[in-house]
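Trainee: coords please:
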Amino acid sequence: RCPMSDERFDPRINALISFGCGLLFAVGLGLAGMTSPAKVLAFLDVTSPAWDPSLAFVMAGAIGVHFVFALRARIAAIAGRAPVVAARFFLPEQKRIDRALVVGAALFGAGWGLGGYCPGPGLVAFVVTPLSVIFVGAMLTGMWGTRVVQERLETRAANRAFALENERAIERALKQEREA
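Mentor: Below you'll find the predicted structure:
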């Protein structure tokens, strides 16, 4: 059971809609050539005489479609309307660029440039290309590793804050003892 779901919506309908959207996305990626690392790498190598700019059109089309629907969702959310098959819109809440975003973007770009896959096309290619198993395995390991490191950093920060508060409490108690 999804904690973000609402009792008014049948999870089977949501799963069916999600599957349909994913299938449409996968077909689009396949038709656009985004599942071919050679095509992606040819696009990324802008200095080569074999540079292939066709993926720029794919990205521009995807950004344009996303922009229209994201704008509609934002306008509807501001007006207080709910989406058709969800309890509420889940719009980005963070507005600033932080270290995690920059590092994540750099790792994404490096992985895309080295492997020729980004996560969506990598998963689509996983179904048809045996070599993409390596990419998907590395991607899943990276996602797991990121979560582990983030949890450890958060735990360490919480432990430091707790230790600092204890240290201050001891210092206050010693100061009160000296003054008494």
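Trainee: what's the following helix or strand after the helix or strand of the chain with the lowest mean pLDDT?
Mentor: Least confident helix or strand of the chain, by mean pLDDT, DSSP states H and E, is helix 119-128 with a mean of 82. Of the helices and strands lying after helix 119-128 in sequence (DSSP states H and E), the nearest is helix 132-179.
Trainee: gap between that next one and the chain center?
Mentor: On the basis of CA atoms, centre = their mean, to the nearest Å, helix 132-179 sits 23 Å off its chain's mean C-alpha point.
Trainee: with stretch 110-122 instead?
Mentor: Using CA atoms, centre = their mean, the offset of stretch 110-122 from its chain centre is 14 Å.
Trainee: also stretch 15-34?
Mentor: 17 Å.
Trainee: identify each buried residue in that stretch, please.
Mentor: Neighbour counts over stretch 15-34 (16 or more other CB atoms under 10 Å) mark 26, 28-30, 32-34 as buried. In this view, the C-beta of every residue, glycine as well, is placed from N, C-alpha and C.
Trainee: stretch 124-138 too?
Mentor: Buried-residue list, stretch 124-138, by 16+ other CB under 10 Å: 124-126, 129, 132, 135-136.
Trainee: from one end of it to the other, what's the distance?
Mentor: 15 Å (CA to CA, to the nearest Å).
Trainee: what does it contact?
Mentor: Here stretch 124-138 makes contact (CB atoms under 8 Å, 6 or more residues apart in numbering) with 26, 29-30, 34-35, 111, 115, 117, 122-123.
Trainee: let's see it at 10 Å
Mentor: 22, 25-30, 34-37, 111, 114-119, 121-123, 139 (CB atoms under 10 Å, 6 or more residues apart in numbering).
Trainee: what of stretch 141-160?
Mentor: Counting by CB under 10 Å, 6+ apart, residues outside stretch 141-160 touching it are 100, 103-104, 107-108, 111, 119.
Trainee: find me the pLDDT at Val46, would you?
Mentor: pLDDT, Val46: 88.
Trainee: actually, Asp6.
Mentor: 55.
Trainee: can you check the one 4 residues further on too?
Mentor: With respect to pLDDT, Asp10 has a value of 78.
Trainee: neighbours around it, how many?
Mentor: 11 (other CB atoms under 10 Å).
Trainee: could you pull up phi and psi at it?
Mentor: Asp10 has phi and psi values of phi -70, psi 120 when expressed as degrees, to the nearest 10.
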